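Undergrad: For reference, the sequence and a predicted model appear below.
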Amino acid sequence: MTLPADHPPVAAPKIGVLLVNLGTPDAPDAPSVRRYLGEFLSDRRVVEIPPLLWQPILRGIILRTRPKKSAHAYQQVWREDGSPLAAITRAQARALQGAWGEQVLVDYAMRYGSPAIGGRIAALKAQGAERILLAPLYPQYCGATTATANDKAFEALAAMRWQPAIRTLPPYHDHPAYIAALKASVEASLAKLDFEPDAILASFHGMPARTLELGDPYHCHCQKTARLLSQALGRELVITFQSRFGRAKWLEPATDATLAALPGKGVKKVAIVAPGFSADCLETLEELAIRGRETFLGAGGTRFAYLPCLNDSEGGMAMLRTILSEELAGWSQPA
Ligand SMILES: C=CC1=C(C)c2cc3[nH]c(cc4nc(cc5[nH]c(cc1n2)c(C)c5CCC(=O)O)C(CCC(=O)O)=C4C)c(C)c3C=C
Ligand SMILES: [Fe+2]
Ligand SMILES: [Fe+2]
């Protein structure tokens, strides 16, 4: 008898760890950005407007105007090895490979664009992974990020006769290892500055304010991360929300408006950190480090520093090993 095509190889069962991040265009040009935004902004977890109303706006206006502008922004942060988000996520997966021995395979995927989640789950399965830990790398849970990454994985599983067993990484916004890694990273970055900031901003990606009323825990998770980090650092943090999109009311205070207002209140030197991003990306490197700086200095600020994300730093990777190990411990290691 021959085995069906999707039958896993008959060998020692393995465990897969699949890191998942948002996704990014394949190239910093308008057609690539249009493809990426078309998929991203058609996700009903991201834009919660009925498709009959939203799709004509998306196709007729947004995808005709935004890609050119966004491509220009991507060009300013693009690296030799590609988009920062993709390059850093790849480096994180590489750094974790072998962390739990040969029986645990580590891979990465993107919710939008490539490498696609379904393809990487299939690849892990083909290598013998009978159990997969899905790890959306968002410390703060949000329907628009964590849930949609998990949805996409389950969509792929829905087409499989023989599914691997699945666990999903819970939000880690208040995990002691995450807070400790942020504290160490912020302190190390501050120590390199040649000025003492009057204020430190903790900027999180924004969301429509309505999602808070609808019960999304994202806002509360951001507040808790900021409170715990502030306590760990022993100094105040100004919490703000960035990257507003569209005309609806978003979570406030807005990062750009705050940066524009602070110099007028006597805050002339700032440092800004983005604890919700597990990897530096367009939203941190262009929106904060480039445009945020221009906004702040243009409003009369004198010194500005952007403090990098945890990325694939030693401390960031040690933190990921800790939180992922806790989930893997629920699965006894196969013999
Ligand atoms: C309705 C629109 C958007 C929602 C809701 C949203 C939520 C959200 N996004 C992130 C993380 C990232 N977003 C990134 C880029 C990005 N985000 C939006 C819109 C919404 N995000 C757009 C249109 C873009 C693309 C860039 C642009 O045209 O401005 C990125 C960076 C991707 C990269 O390639 O570097 C990240 C990361 C979170 C965490 C979140 C909700 C909590
Ligand atoms: Fe976003
Ligand atoms: Fe942005």
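TA: Everything's here; your move. Ligands and ions are numbered 1, 2, ... in the order given.
Undergrad: which bits of the stretch 51-200 of the chain sit near ligand 1?
TA: Within the stretch 51-200 of the chain, the residues that sit near ligand 1 (Cβ under 6 Å from any ligand atom) are 66, 70, 83, 85, 138, 142, 144, 145. Every residue, glycine included, has its C-beta placed from N, CA and C.
Undergrad: Show me what the helix or strand in which residue 131 is found is packed against.
TA: According to DSSP states H and E, residue 131 maps onto strand 129-136. Applying 3 or more Cβ pairs under 8 Å, 6 or more residues apart in numbering; DSSP states H and E, one finds that strand 129-136 makes contact with strand 14-21, helix 117-126, helix 148-157, strand 165-168, helix 314-328.
Undergrad: Going by neighbour count, which residues in that strand are buried?
TA: Residues of strand 129-136 classed as buried: 129, 130, 131, 132, 133, 134, 135, 136 (neighbour count, 16 or more other Cβ atoms under 10 Å).
Undergrad: Same question for stretch 83-102.
TA: Residues 83-93, 95-96, 100 are the ones in stretch 83-102 that count as buried (16+ other Cβ under 10 Å).
Undergrad: What about ligand 3: which of those residues touch it?
TA: When contact is defined as Cβ under 5 Å from the ion, those do not meet ligand 3 at all.
Undergrad: which ones among those residues are found in helices?
TA: The helices, defined by DSSP state H, take in 84, 85, 86, 87, 88, 89, 90, 91, 92, 93, 95, 96 from the buried residues of stretch 83-102.
Undergrad: quick check: domain ranges of the protein?
TA: The record's domain parsing of the chain by automatic domain parsing lists 14-172+316-328, 176-307.
Undergrad: Present these as CSV; the columns should include mean pLDDT.
TA: Below are those laid out as CSV (pLDDT from 0 to 100):
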stretch, mean pLDDT
domain 14-172+316-328, 98
domain 176-307, 98
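Undergrad: Distance to residue 6 added to those domains, as CSV?
TA: Output for the domains of the chain, formatted as CSV (distance: least, Cβ to Cβ, whole Å):
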stretch, distance to residue 6
domain 14-172+316-328, 6
domain 176-307, 31
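Undergrad: Which strands or helices does the strand or helix carrying residue 183 pack on?
TA: Take DSSP H and E as the rule and residue 183 turns out to sit in helix 176-191. Judged by 3+ Cβ pairs under 8 Å, 6+ apart, the packing partners of helix 176-191 are helix 218-233, strand 269-273, strand 303-307, helix 314-328.
Undergrad: Tell me how far the second one lies from the chain's centre.
TA: Pointing back at strand 269-273 there. Between the centre of strand 269-273 and the centre of its chain there are 21 Å (Cα atoms, centre = their mean, to the nearest Å).
Undergrad: now swap in the longest one and tell me
TA: Here helix 218-233 is found 17 Å from its chain centre; the criterion is Cα atoms, centre = their mean.
Undergrad: what about that helix and ligand 1, any contact?
TA: Yes: interface with ligand 1: helix 218-233 contributes residue 218 (Cβ under 6 Å from any ligand atom).
Undergrad: and the next helix or strand after that helix, what other elements does it pack with?
TA: Where DSSP H and E defines the elements, the next helix or strand beyond helix 218-233 is strand 238-242. With contacts defined as 3+ Cβ pairs under 8 Å, 6+ apart, the packing partners of strand 238-242 are strand 199-205, helix 218-233, helix 255-261.
Undergrad: and the direction of strand 238-242 versus that of strand 199-205, what angle?
TA: If you take axes from the mean of the first three to the mean of the last three Cα atoms, to 10 degrees, strand 238-242 sits at 30 degrees to strand 199-205.
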